[in-house]
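K.L.:
Next comes the sequence, and after it the predicted model I'd like to discuss.
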Amino acid sequence: MPLSPATQAILDRCSDEDAPEVAWLWESMAVEAVLRHGGPADAEALLPLFLSAPAAHEALVPVFTSHGDQRLAARLLEATVDGGRLRDDVPSGVLHAVGRLGYTPATSLLWEHVDASHHVSKDACLGLLHLPCEDLRGTIAEALEKHEGAALFPEFLPVLALKTEEPAWLDRLVAWGENDASVDCNGGLILGISLHGDPARSAFTRLLWDDRWEACGSGTGSALWTYAGTRVLGLGLPRLYADLRALLRDRADPDVQWDALRSFITLLRLRCQDVWTGVAAAEARPESCDTLYSLLFTPTPEHGDTLTELADRVFGSEDPMSDEVRHLEIALRTAAAHEWALRAVTPR
């Protein structure tokens, strides 16, 4: 498979000595194209560039996570680990990458980083999520029990609860989030609950609309992991929109309506951005933007008010949240047109 044009552009710009320094934002934008349309050849081609200056090319790590293989994972670790720890100049996303690629020899290394700083711990836990962890089963259970009931803890440790193979952890995670955990530290609880699959559906749907969880809080970072959880459980936006409309119809409390609609808008924003979560179980193909646009913004007798009209009614037409809905309508229409263009040029 040939290199994607975005990968070639990154390599060309970085090899041009007369070009200005490559900006992180530009490289991130190019990486988004590689994630969507690239493949193993892109990961191979970009690895030497990353290893030449890991801190400067942190934006490339998701390419290895998505398009690499176990051989690439081994080369990544060989070049970035010193004395059993990730080198200081290496982005912690490497831990996530080697775990996501199924490189089991990295298991103990990742576990050693779980009690590190927030971002390092997060990437270690997300990496371990994709590994069997049989030998860590008891150790993970002990670590969870040590922190259970705390307001603050290694935020993503709860995503590993499923590795204990103890079904009771589902209810324990829910209780932890409802009664004790700070909303600044519950993203891992939310994702961890979703990873329990069908038995978690009712609890997850309940917390999604419960303002005590602030599950879609952008400031706390939980929104991304709530979005990932909806994808893990197959809770598409059409289903959630139906739930939202029922809630708005049945609940008269204005604060409840405001929080629920804000939560849905946050999830829609993340869908429009097509954010990359790095969680394999969350990568089921989402509904098309064309489908969403028709459902949310095309008035029909069956669906009643459009999302724009709902926002105007709940927030008020001058509220910033109503403005955001109008911006999302434009973004979704543009994304739908892009999908149609891709279908036109992609061989069947």
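P.N.:
Thanks, I have the structure now. What you see is a predicted model, and the numbers here were worked out from it, not measured in a lab. Residues are numbered from 1 along each chain as shown.

K.L.:
Report the contact partners of the closest residue to D259 other than its chain neighbours.
P.N.:
Spatial nearest neighbour of D259, excluding adjacent residues (C-beta to C-beta, 6 or more residues apart in numbering): D211 at 4.2 Å. The way it works is simple: take the backbone N, C-alpha and C, and place the C-beta from them, glycine included. Counting by C-beta atoms under 8 Å, 6 or more residues apart in numbering, D211 touches D255, V256, D259.

K.L.:
Am I right that the last one sits in a helix?
P.N.:
Yes. Judged by DSSP: H, G, I helix; E, B strand; the rest coil, D259 forms part of a helix.

K.L.:
Let me know the closest of the contacts of D211 to R13.
P.N.:
In terms of C-beta to C-beta, no member of these lies closer to R13 than D259, at 44.1 Å.

K.L.:
mind checking the SS state of the residue nearest in space to the middle of the chain?
P.N.:
By C-alpha atoms, centre = their mean, the chain has its centre lying nearest to T277, at 2.5 Å. Under three-state DSSP, the three-state class of T277 is coil.

K.L.:
follow-up on the earlier one: filter the contacts of D211 down to the buried ones.
P.N.:
V256, D259 (16 or more other C-beta atoms under 10 Å).

K.L.:
Dump the contacts of D211 into CSV; add pLDDT as well.
P.N.:
Formatted as CSV, these follow (pLDDT from 0 to 100):
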residue, pLDDT
D255, 90
V256, 90
D259, 93
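
K.L.:
in the protein, which ranges drop under the pLDDT threshold?
P.N.:
For the chain, the stretches with pLDDT under 70 are 1, 17-22, 301-303, 347-348.

K.L.:
doesn't G229 make contact with the residue nearest to the centre of the chain?
P.N.:
No. Between T277 and G229 there is no contact under C-beta atoms under 8 Å: 9.5 Å.

K.L.:
And the helices in the stretch 51-200 of the chain?
P.N.:
61-67, 70-80, 93-100, 107-112, 118-128, 137-147, 169-179, 187-194 (DSSP state H, counting those that start in this stretch).

K.L.:
Using JSON lines, lay out those helices together with distance to T300 and mean neighbour count.
P.N.:
Listed next are these as JSON lines, based on distance: least, C-beta to C-beta, whole Å; neighbours: other C-beta atoms under 10 Å:
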{"stretch": "helix 61-67", "distance to T300": "37", "mean neighbour count": "24"}
{"stretch": "helix 70-80", "distance to T300": "49", "mean neighbour count": "17"}
{"stretch": "helix 93-100", "distance to T300": "41", "mean neighbour count": "28"}
{"stretch": "helix 107-112", "distance to T300": "49", "mean neighbour count": "18"}
{"stretch": "helix 118-128", "distance to T300": "40", "mean neighbour count": "23"}
{"stretch": "helix 137-147", "distance to T300": "47", "mean neighbour count": "15"}
{"stretch": "helix 169-179", "distance to T300": "37", "mean neighbour count": "19"}
{"stretch": "helix 187-194", "distance to T300": "31", "mean neighbour count": "28"}
